[in-house]
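Undergrad: build me a model from this:
(chains A and B)
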Amino acid sequence: MSKLVISQSPHLHTKPDVKKLMYAVIIALLPSLALSLFFYGVGALVVTAVAVVAAVVFEWLIVKFILKKEPTIWDGSAIITGLLLAFNVPSNLPIWIIIVGALVAIGVGKLSFGGLGQNPFNPALVGRVFLLISFPVQMTSWPTPLVNRGVYIDAITGATPLGVMKEGLKNGEAMSSIMQNIPSHLQMFYGQMGGSLGEISALLLILGGIYLLFKKVISWHIPGSIFITVILISGIFWLMNPEANADPLFHLLTGGIMLGAIYMATDYSTSPMSNSGKIVFGVGIGVLTMVIRLWGAYPEGVSFAILIMNAFVPIINKGFKPKLFGAKK
Amino acid sequence: MLKTFPKGGVHPPENKLSADKKIITLGIPEQVVIPLQQHLGAPNKVLVDKKAKIKVGQRIVEAGGFVSANVHSSVSGTVLKVDEMLDTSGYKKLAVVIKVEGDEWEPTIDTTPDIKHEITLSAEEIVKKASEMGIVGLGGATFPTHVKLSIPKGQTCEFLIINGVECEPYLTSDHRLMLEHGEELLIGTKIFMKALNVTKAFIGIENNKPDAIEHLTNLASKIDADIEIVPLKVQYPQGGEKQLIKAITGREVPSGGLPIHVGVVVQNVGTTYAIYEAVQKNKPLIDRIVTLTGKSVKNPGNFKVRIGTPISMLIEEAGGLPEDTGKIINGGPMMGKAIKDTEIPVTKGTSGILIMTQAESKRGKIMPCIRCTKCVNVCPQGLEPYLLMSVAEKQMWEQAEKEHNMDCIECGSCSFICPSDRPLLDYIRFGKQNVGAMIRARNTK
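TA: Okay, here's the model as predicted:
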C-alpha cells in the first residue's frame, strides 16, 4: 500500500473551477455578439477580435515580463475583459484606440492592483471610461445598424436614443415629438438601434443573464436592485411629467443598463460580498445612473455609476455583513 | 414544501452506496485496542491491570469527572497491556489492549433478542444508567449523553429532537438502524423523553430515506407517545444540531449558546439505540454500527462492530483494501478525519470508514480568491469564510474573534464550494485554535 494522504476535512470539493465560471460568462455573451455581427457586420468583427486579442496579449506580456510570474491567460478573465471592452465601444472605433483601451483595462485596471480578484474597479470600464474621456468624438459616433455591414471606419453613424432624447429636451422639444425620431420600444428590446457594440439587445442580454442565474454564476441581487431602482426613479419623474421625461421601459432598454447590470456590475472582484451589500451596491448604481441621465452632462451614466460604486465596495463590505446565525437581537 | 434550514448549505453527491445493505454482525477479532478516551471531555482512569481476566461489558475505564464517560470491555479475555497506541487523532494515546478468549458476557446483561417495551426506570435512574453504561453521542462528536440529559438549573427542555438526518454523503449506518431497529429506536426516544420530562419529540429524517420515514411514521402511529417524524429537504449540514433545530422548530440557538437555551435537546439515532440497550437490556456501549464504503470498495456495507476492532478487519470483510487507495477517512467525507493506518481501532465515534481512491484524494491547485461570494452564500452560520481565512493568514486574532470565527461549526461547505480550491476551513480551524487559546487566557486572568 502506498502512503495514505492525510488532510483535513472536507474531503470533497466541487468540480466547477474558476475557468468554468469565466467561460460561462463568455457563453452568455455570445448571442449578443452574434446579433452585433448581424447588425454591424465587419466593424463588430474587427473591434471584438482586436479587443479580445489585445487584452489577452497584454495580460500575457505584462504578467510574464513585468510581474515575472507564470501567465494564467487561460482562466478566461482576460478574454472577458476584452469582450466587455468591445461591447462598450462603437463598432467603428479605430484599431489603435481599441488597443490603447485594452492596455489601460488590463494594465491599469487589472494588473496594477495584483490581477485576478484584486482589482477594485471593473477593468473593462476603466478602459472604456479612459477612452471616452480621451477620444470623445470617436467614442460617441455610433454606426446605424444593418446599413453598415460592409464598412468599418466609414460607417454611417447616428446618435443613440438616449442622445437623441438629451438633445431634444435641451432644445425644448416635447417627449412625444422626440419619440418620433427614435426606434420603437420593441425595436429597442431586440436591439435595432444605435449604441455601443454589445449593449443594444436587451432581449439577448437578458437571455444570457438567465443562463448565468441558472448556472449560479451570478445572483439576482445586483441586477435586480439596479432594475428596480431605475424603474422607480424614472417612473416617478415620468408620472410627474410624461412630456419632459421618458418612461421607465425606455430607460431600461436604452444605453448600458442591461449590459452594465447583468455583466459589469456583477463582476466578482469589484462587487460586495454579502447579499445585503449587493443590494445597496445595486441601488447606488441605479440612483447614480438616473442622476447622470436626468441632470448630468452625459446622456448615459451606467459606466460612471458602476465605477463610482466600485469605490464604495470596501466600505459596503464592512457595513453590510451577512446575518450571523443566532445573532443576539 | 419540505422543511430545511434557511441559510446556506450545499448538496454534495449523496453516494449512499450501502443504503440497501443489511447490517451484518462482524466477527470478534483476535485482539482489541480500546482507547481510554473515546469522548469529548475530561480524561479518565484505567481500572484493570496487565494480565487481568475480563468479561464482555466489564467496566475497564472509569470516567474522570462529570463531563467524561466510562469505557467497557467489548470482548472477554486477558489484558495484554495498557499502552500508548495510535488512534484516530493520529497521535498515540493510552489504550487497553485485550487478547480475546471466548465470548463470555457479564451476567447482568440481557443478551436475548426480545424487545422490551416497558420503561421501568425513573428519570434520574435513566440519567445514571446512561453515565454508568458509558453512553456518548454516536453522531461523531461523542459528547457524554448523561451530561446532555442533565438540564441545568433555570433551563427547561420543551422538545426532544432525534437526529436521523445523516447528511454526510456515503454514510448509511443511521439509515439502516432506523429500518432494522425502528421499534427499539422509538422505545429509546421514549426513554429520552422520560429522562428530559418532555411530552413532544421529533425525529428529523432527510427525504433521501423515504423508506425510513415511512417505516418510522407507521411505527410511531401505533404507540402512546407524541413522536412526530419530520421529513426534511436534503441539504448539508442539516445534521448539525443548530441547523436541525432551526429546520424543525424555527428556533435559533444563540451565538455561543447551547440547544437547551432554546428549550431543545438533540440526540442522534445511534445514541437513541444505545440508550435503549443500556436502559432496557443493561448493556454498556461496547459495539456500534459502522458503514464501510467508498467507490472502489468491492462490497460496501453496514456492520455491527465491537469497539476496539481494528479497521483492517472491517476492510477485509468488505472485500479488502483497493489497490489505488489514497485516503482512508474515519467518518464521512465532509467532516471525517483522514487516518494514517488501518490498525486503528473502531471507537464510539466511528460512524463510518470511507475509502477514497488516489484520484479522489487529490486536492486542486490553490488559486487566488476571485471574490465570487460562494463561500459566504453557503455558510450556514452566516459567516464570511474568505475573510476568516484572510485574517487567519495574517494572524489577526482579535479581528478573527470580532468576525465570529468561533461560531464556525466546521461543516466544510466553504472549502467544498470554493472554485479556487482554497483551504478555507483549514485556515479557519487554525484561527479557532488561536482565538480559543486567547479567550481561555483572558478568562483565567
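Undergrad: what is the neighbour count of B:Asp211?
TA: Using other Cβ atoms under 10 Å in any protein chain shown, the number of residues around B:Asp211 comes to 12. Any C-beta I mention is one placed from the backbone N, CA and C, and that applies to glycine too.
Undergrad: which of the residues in the helix or strand containing it are buried?
TA: Element membership for B:Asp211, per DSSP states H and E: helix B:210-221. Buried residues in helix B:210-221, defined by neighbour count with 16 or more other Cβ atoms under 10 Å in any protein chain shown: B:212-213, B:215-217, B:219-220.
Undergrad: ok, now stretch A:214-234?
TA: Buried residues in stretch A:214-234 (16+ other Cβ under 10 Å): A:217-219, A:221-223, A:225-227, A:229-231, A:233-234.
Undergrad: can you name every helix or strand that the helix ranked longest in chain B contacts?
TA: Taking DSSP state H as the criterion, chain B has its longest helix at helix B:424-444. When contacts are defined as 3 or more Cβ pairs under 8 Å, 6 or more residues apart in numbering or on different chains; DSSP states H and E, helix B:424-444 sits against helix B:385-393, helix B:397-402, helix B:413-417.
Undergrad: any idea which of the ones you listed gets closest to A:Gly301?
TA: Across the helices and strands packed on helix B:424-444, A:Gly301 has its closest neighbour in helix B:385-393 (31.1 Å, Cβ to Cβ).
Undergrad: does chain A have contacts with that closest one?
TA: Yes. Helix B:385-393 lies within reach of chain A by Cβ under 8 Å from any Cβ of the partner chain, at B:386-387.
Undergrad: the inter-axis angle of that helix versus helix B:424-444?
TA: Between the axes of helix B:385-393 and helix B:424-444, defined by axes from the mean of the first three to the mean of the last three Cα atoms, to 10 degrees, the angle is 60 degrees.
Undergrad: put the alpha carbons of helix B:385-393 into PDB.
TA: Extracted C-alpha coordinates of helix B:385-393, given in PDB (Å, rounded to 0.1, in the frame of the first residue of the first chain):
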ATOM      1  CA  PRO B 385     -15.200  32.300   5.300                       C
ATOM      2  CA  TYR B 386     -13.000  34.300   2.800                       C
ATOM      3  CA  LEU B 387     -12.500  37.000   5.400                       C
ATOM      4  CA  LEU B 388     -11.900  34.500   8.200                       C
ATOM      5  CA  MET B 389      -9.200  32.800   6.100                       C
ATOM      6  CA  SER B 390      -7.600  36.100   5.300                       C
ATOM      7  CA  VAL B 391      -7.400  37.300   8.900                       C
ATOM      8  CA  ALA B 392      -6.100  33.900   9.900                       C
ATOM      9  CA  GLU B 393      -3.300  34.100   7.300                       C
END
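Undergrad: and that helix, which residues are buried?
TA: In helix B:385-393, counting by 16+ other Cβ under 10 Å, buried: B:385-392.
Undergrad: could you export those residues as a markdown table, including pLDDT?
TA: Shown next, in a markdown table, are the buried residues of helix B:385-393 (pLDDT from 0 to 100):
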| residue | pLDDT |
| --- | --- |
| B:Pro385 | 97 |
| B:Tyr386 | 97 |
| B:Leu387 | 97 |
| B:Leu388 | 97 |
| B:Met389 | 97 |
| B:Ser390 | 96 |
| B:Val391 | 96 |
| B:Ala392 | 97 |
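Undergrad: wait, is B:Met356 part of a strand?
TA: Yes. Assessed with DSSP: H, G, I helix; E, B strand; the rest coil, B:Met356 lies in a strand.
Undergrad: and the closest residue to it other than its chain neighbours, how many neighbours?
TA: In space, and not counting its chain neighbours, B:Met356 is closest to B:Lys327: 4.3 Å by Cβ to Cβ, 6 or more residues apart in numbering or on different chains. Neighbour count of B:Lys327, defined by other Cβ under 10 Å: 23.
Undergrad: quick one: residues contacting the residue in chain B positioned nearest to chain A.
TA: As assessed by Cβ to the nearest Cβ, chain A sits closest to B:Gly412 within chain B, at 3.2 Å. With contacts defined as Cβ atoms under 8 Å, 6 or more residues apart in numbering or on different chains, B:Gly412 is in contact with A:9-10, B:334-335, B:425.
Undergrad: so which of those residues comes closest to A:Ile285?
TA: B:Leu425 (33.7 Å).
Undergrad: quick check: that closest one vs B:Glu14, distance?
TA: 21 Å (Cβ to Cβ, to the nearest Å).
Undergrad: near the residue of the stretch 51-200 of chain A found nearest chain B, how many other residues are there?
TA: Residue of the stretch 51-200 of chain A nearest chain B, by Cβ to the nearest Cβ: A:Gly117 (4.3 Å). Neighbour count of A:Gly117, defined by other Cβ under 10 Å: 19.
Undergrad: let me know the secondary structure of it.
TA: A:Gly117 - assigned by three-state DSSP - is coil.
Undergrad: surely it and B:Ser390 touch.
TA: No. Taking contacts as Cβ atoms under 8 Å, A:Gly117 lies outside contact range of B:Ser390: 11.6 Å.
Undergrad: what do those two both touch?
TA: Listed contacts common to A:Gly117 and B:Ser390 are B:Cys369; contacts here mean Cβ under 8 Å, 6+ apart.
Undergrad: residues of the stretch 101-250 of chain A that sit close to chain B?
TA: A:115-118, A:219.
Undergrad: contacts for the helix holding B:Asp211?
TA: B:164, B:175, B:178-179, B:182-183, B:185-186, B:203, B:205, B:207, B:227-229, B:231.
Undergrad: change it to 7 Å
TA: Residues outside helix B:210-221 that contact it (Cβ atoms under 7 Å, 6 or more residues apart in numbering or on different chains): B:164, B:175, B:178-179, B:182-183, B:186, B:203, B:205, B:227, B:229, B:231.
Undergrad: just the ones of the residues you listed in strands?
TA: Members of the contacts of helix B:210-221 lying in strands (criterion: DSSP state E): B:164, B:203, B:205, B:227, B:229, B:231.
Undergrad: distance of the residue lying closest to A:Gln118 once chain neighbours are set aside relative to A:Lys19?
TA: The spatially closest residue to A:Gln118, leaving aside those adjacent along the chain, is A:Ser269, at 6.7 Å (Cβ to Cβ, 6+ apart). Noted for A:Ser269: a distance of 16 Å to A:Lys19, by Cβ to Cβ.
Undergrad: neighbour count winner among these two?
TA: A:Ser269 (24 against 15).
Undergrad: name the residues that touch stretch B:175-185?
TA: By Cβ under 7 Å, 6+ apart, stretch B:175-185 touches B:19, B:22-23, B:115, B:164, B:166, B:209, B:211-212, B:215-216, B:219, B:269-270, B:272-273, B:276, B:289, B:302.
Undergrad: narrow those to those that are buried.
TA: For the contacts of stretch B:175-185, buried by 16+ other Cβ under 10 Å: B:19, B:23, B:164, B:166, B:209, B:212, B:215-216, B:219, B:269-270, B:272-273, B:276, B:289, B:302.
Undergrad: ok, now which ones touch the nearest residue to B:Asp287 once chain neighbours are set aside?
TA: The shortest distance from B:Asp287 to any non-neighbouring residue, by Cβ to Cβ, 6+ apart, is to B:Arg306 (4.9 Å). Taking Cβ under 7 Å, 6+ apart, we find B:Arg306 in contact with B:28, B:32, B:74-75, B:286-287.
Undergrad: any low-confidence regions in chain B?
TA: Residue ranges of chain B with pLDDT under 70: none are present.
Undergrad: that one - how does it break down into domains?
TA: Annotated domains of chain B cover B:1-25+B:118-362, B:374-444 [automatic domain parsing].
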